[in-house]
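A.B. asks: Coordinates only, no sequence provided:
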Ligand code: PMP
C-alpha cells in the first residue's frame, strides 16, 4: 500500500499546514470515472459526497465540450459571443418568468456577494438576514454570515435567526403550526432588530433546503411565510442554490421543494462539473441596476469556455433524465435508511430530498448529537470504499450527496457497507 506520509509532509510545507483534509487517514486519489474515484493503489471508492462532478467524474461529454471550446476560442467577456448569450438564456428559462437575466462568476462566494450587493442597491438598505448555522462562502462580507464553527459575526448589518427544524425544536411539545410560528417569531425579532438599528432589511439569504444546517425537516409553511415577512419589511429573498440546485433534489431548484419564490437565485458548485462556474440570476431590473452601479467585470467569467461547459452539463442532466434518476434512487435510499432507524438507537433521524440525504447520529437516551460516532461511521465507510462526510449545526449528520447518475446498484452496495459499519460500531 502506498505510504502517504511523505506526500502529507510535502503538502503541509507547500500548502501550509491547516489546509483541510478529509478522513483520519487522508485519501490520495488519482483519477475519477462516473460515480467513483480511484486511489494511488488503484482501489475504487464510490463517491457519495461530491456534487461538483454532478454528471459524473470525467464525464466524456463535458470533457469533449471543454476541449473543443478551448481549442476554438476562449477569451474574456468583452466581446459578443452567441454561446454565452444562449447559456444565460437557458439558465434563466429554468426558473419562472420573474428571473430574466444572469451574471456569471467563478464561485458560490462571488455569486452570493453579487446577490447581496444587488439587494442593497435595489432596496437602499444594508441589513442581511441569515440562519444561525449557515455557510455561504469565504469572502470578508460573505463569511461574516457564516456561523458553522465560527464565533458570531461582528458585522453590524447581519442578523442571524434560529434555523427552523422539527428534530430538535426550539420549544418542546408544540404542534407543527405552533412550532412554525415560534420560528417565525425569531425571524420577526431579527427584522425588528435590523430596523431599530437603522440598517433596515436588504435581504434574507437562505440555502433553500438548509443544507449546511443539516437538512432539517422544516415546519410546514415556514419558508413561504418567512419570505412574505421579509418582503413586507422591504427586503428581497436570495435563494442560495449552490448545494440545493441543479437537480440535486430531483427538482431543478430547492426552492420548489420548500415552496417559496426567490427574487435572486445563486448557483455554483455543480454548474461546470468541476470548471469554476457560478451564477446570480434575477429580474432584468435587478441585474441592470447592479450592472449600472458597479460595471461588474470578472476575468474568467462569462467566457465561451464557461458557456460551452455549462451547456454540456445541462444537456447531460436533461438527456440522461437525471432528475428522474435522482428521484427514484434517492427515494429508495432514503426509505432504506429510514427503515434502519428503527433498528438502531444511534440513528436519530434520516432526512433530505432526492440524492441529498442526512443521517443524524445520536447518543441515547436523550438523542444528544454524537459527532464522535458520525466521524467513526464516515472513516469506516471510507475504509469499505464509500466516501461521505459530516455536516450540520452539530456536525453529527452523515452527509450523503453522490453525483446525480448514482444508481440503484450503487445504493444497494452502499447499504451493505452501511449495515456492516453500524453493526461493527455497536459491537
Ligand atoms: N453557498 C453554499 C450553500 C455552500 O455550501 C457553499 C460552499 N460549500 C458556498 C455557497 C460557497 O461556494 P464556493 O466554495 O464555490 O465559494
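C.D. replies: Sure thing, it's come through. Please read all numbers here as calculations on a predicted model, not as lab measurements.

A.B. asks: Neighbours of residue 9, how many?
C.D. replies: 11 (other C-beta atoms under 10 Å). Any C-beta I mention is one placed from the backbone N, CA and C, and that applies to glycine too.

A.B. asks: what helix or strand does it sit in?
C.D. replies: Taking DSSP states H and E as the criterion, residue 9 maps to helix 5-11.

A.B. asks: Can you list the neighbours in contact with that helix?
C.D. replies: Residues outside helix 5-11 that contact it (C-beta atoms under 8 Å, 6 or more residues apart in numbering): 19, 26, 28.

A.B. asks: Closest one to residue 358 out of those, please.
C.D. replies: Closest approach between those and residue 358, by C-beta to C-beta: residue 26, at 23.5 Å.

A.B. asks: quick one: stretch 235-244 to chain centroid distance?
C.D. replies: 10 Å (C-alpha atoms, centre = their mean, to the nearest Å).

A.B. asks: and that stretch, does that touch the ligand?
C.D. replies: Yes - on the criterion C-beta under 6 Å from any ligand atom, stretch 235-244 is in touch with the ligand at 240, 242-243.

A.B. asks: still on that earlier bit, just the buried members of the contacts of helix 5-11?
C.D. replies: Among the contacts of helix 5-11, none scores as buried (criterion: 16 or more other C-beta atoms under 10 Å).

A.B. asks: nearest to residue 278, of those?
C.D. replies: residue 19 (22.0 Å).

A.B. asks: Am I right that the closest one is in a strand?
C.D. replies: No - under DSSP: H, G, I helix; E, B strand; the rest coil, residue 19 sits outside any strand and is assigned coil.

A.B. asks: The nearest residue to it once chain neighbours are set aside: neighbouring residues, count only.
C.D. replies: Of all residues not flanking residue 19 in the chain, residue 11 sits nearest, at 7.1 Å (C-beta to C-beta, 6 or more residues apart in numbering). Residues contacting residue 11 under the criterion other C-beta under 10 Å number 16.

A.B. asks: how much space between residue 11 and the ligand?
C.D. replies: 20 Å (C-beta to the nearest ligand atom, to the nearest Å).

A.B. asks: pLDDT at the residue nearest to the spatial centre of the chain, what is it?
C.D. replies: Among the residues of the chain, residue 243 comes closest to the average C-alpha position under C-alpha atoms, centre = their mean, at 1.8 Å. If you check residue 243, the pLDDT there is 98.

A.B. asks: which parts of the stretch 51-200 of the chain sit against the ligand?
C.D. replies: 107-109, 112, 135-138.

A.B. asks: Return the member of these nearest to residue 362.
C.D. replies: Set against residue 362, the nearest of those by C-beta to C-beta is residue 135 (22.4 Å).

A.B. asks: For the closest one, which non-adjacent residue is closest in space?
C.D. replies: Excluding the flanking residues, the one nearest residue 135 by C-beta to C-beta, 6+ apart is residue 212, at 4.3 Å.

A.B. asks: Next one, pLDDT for whichever residue of the chain sits closest to the ligand please.
C.D. replies: Residue of the chain nearest the ligand, by C-beta to the nearest ligand atom: residue 108 (2.4 Å). Looking at residue 108, its pLDDT is 98.

A.B. asks: and if you look at residue 150?
C.D. replies: Note on residue 150: pLDDT of 55.

A.B. asks: next one: the one 5 residues further on
C.D. replies: Note for residue 155: predicted pLDDT of 90.

A.B. asks: Is it in contact with residue 144, as I believe?
C.D. replies: Yes - Residue 155 lies in contact with residue 144 (C-beta atoms under 8 Å); the separation is 3.8 Å.

A.B. asks: So which of those two has more stuff around it?
C.D. replies: Neighbour totals were compared for residue 155 and residue 144, and residue 144 leads with 18 against 15 (other C-beta under 10 Å).

A.B. asks: So the more buried one versus residue 157, what's the distance?
C.D. replies: Going from residue 144 to residue 157 by C-beta to C-beta, to the nearest Å gives 8 Å.

A.B. asks: same check, this time on residue 93
C.D. replies: 33 Å.

A.B. asks: same check, this time on residue 289
C.D. replies: Per C-beta to C-beta, residue 289 is found 19 Å from residue 157.

A.B. asks: And the two? Which one has more around it.
C.D. replies: Neighbours were counted for residue 289 and for residue 157 using other C-beta under 10 Å; residue 157 has more, 19 against 15.

A.B. asks: What backbone torsions are found at that one?
C.D. replies: phi -90, psi -10 (degrees, to the nearest 10).

A.B. asks: Apart from its neighbours in sequence, what residue is nearest it?
C.D. replies: That would be residue 126: by C-beta to C-beta, 6+ apart, it lies 4.6 Å from residue 157.

A.B. asks: start to end distance for stretch 249-259?
C.D. replies: Start-to-end span of stretch 249-259 (C-alpha to C-alpha, to the nearest Å) is 13 Å.

A.B. asks: residues in contact with the residue nearest to the centre of the chain?
C.D. replies: 51, 207, 209, 211-212, 254, 269, 356, 401.

A.B. asks: And for residue 22?
C.D. replies: Per C-beta under 8 Å, 6+ apart, neighbours of residue 22: 382, 387, 389.

A.B. asks: name the element the first one belongs to?
C.D. replies: Residue 382 belongs to helix 371-383 when assigned by DSSP H and E.

A.B. asks: Would you mind checking the average pLDDT for that helix?
C.D. replies: Rounded mean pLDDT across helix 371-383 is 98.

A.B. asks: so for the helix or strand just after that helix, what's the average pLDDT?
C.D. replies: Under the assignment DSSP H and E, the closest C-terminal helix or strand after helix 371-383 is strand 386-387. On average, the pLDDT along strand 386-387 is 98.
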